[in-house]
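Enquirer: let's see this in three dimensions:
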Amino acid sequence: MENTASKSWKGFTIETRAFPVWHCALPGSVPDSYMALVRIRRGEHVIAKWHLPRYAQHWASADEAHRQTTEYAIRAINSGCFAGTVPPGLVA
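Expert: Predicted coordinates:
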């Protein structure tokens, strides 16, 4: 199952993908947490893609993972981190 979410913010598209994480010491167990990756696009150009800068950040649900990574991406956009990233053909 694809567990993706997308949100537009100030001309950027924030895409997140959550995936289940299993505790490696318990093979055959059910997922006990989720991680999420985020990709920020402007137009068709990928500006950034990462996971949160915390070691092994896991959340209890996919929804929580999407929410936290989206909030982090919004803070990065609002801080001006991507201000100079205008795709070819667009006027800033």
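Enquirer: which residues of the protein fall in helices?
Expert: According to DSSP state H, the chain carries its helices in the segments 62-78.
Enquirer: tell me the bridge partners for the residue most central in space within it.
Expert: Here the mean C-alpha position of the chain is nearest to the C-alpha of residue 38 (C-alpha atoms, centre = their mean), at a distance of 1.9 Å. Residue 38 has these beta-bridge partners by DSSP bridges: residue 16, residue 50.
Enquirer: tell me where the chain has strands.
Expert: 4-9, 12-21, 33-42, 45-51 (DSSP state E).
Enquirer: helices and strands around the second one, which ones?
Expert: Here strand 12-21 is seen to pack against strand 4-9, strand 33-42, helix 62-78 when contacts are counted using 3 or more C-beta pairs under 8 Å, 6 or more residues apart in numbering; DSSP states H and E. Yep, even glycine has a C-beta here, placed from its N, CA and C like the rest.
Enquirer: again, only this time at 10 Å
Expert: Under the contact criterion of 3 or more C-beta pairs under 10 Å, 6 or more residues apart in numbering; DSSP states H and E, strand 12-21 touches strand 4-9, strand 33-42, strand 45-51, helix 62-78.
Enquirer: just how off-centre is the last one within its chain?
Expert: Okay, so that is helix 62-78. Counting by C-alpha atoms, centre = their mean, to the nearest Å, helix 62-78 is centred 6 Å from the centre of its parent chain.
Enquirer: by how many degrees do it and strand 4-9 diverge?
Expert: If you take axes from the mean of the first three to the mean of the last three C-alpha atoms, to 10 degrees, helix 62-78 sits at 30 degrees to strand 4-9.
Enquirer: low-confidence ranges, this protein, go.
Expert: Counting by pLDDT under 70, the chain has low-confidence residues at 1-2, 23-31, 52-57, 85-92.
Enquirer: quick check: beta-bridge partners of residue 6?
Expert: What pairs with residue 6, by the bridge criterion (DSSP bridges), is residue 15.
Enquirer: burial count for it?
Expert: Residues contacting residue 6 under the criterion other C-beta atoms under 10 Å number 13.
Enquirer: quick check: it touching residue 73?
Expert: No. Counting by C-beta atoms under 10 Å, residue 6 stays clear of residue 73, with 11.2 Å between them.
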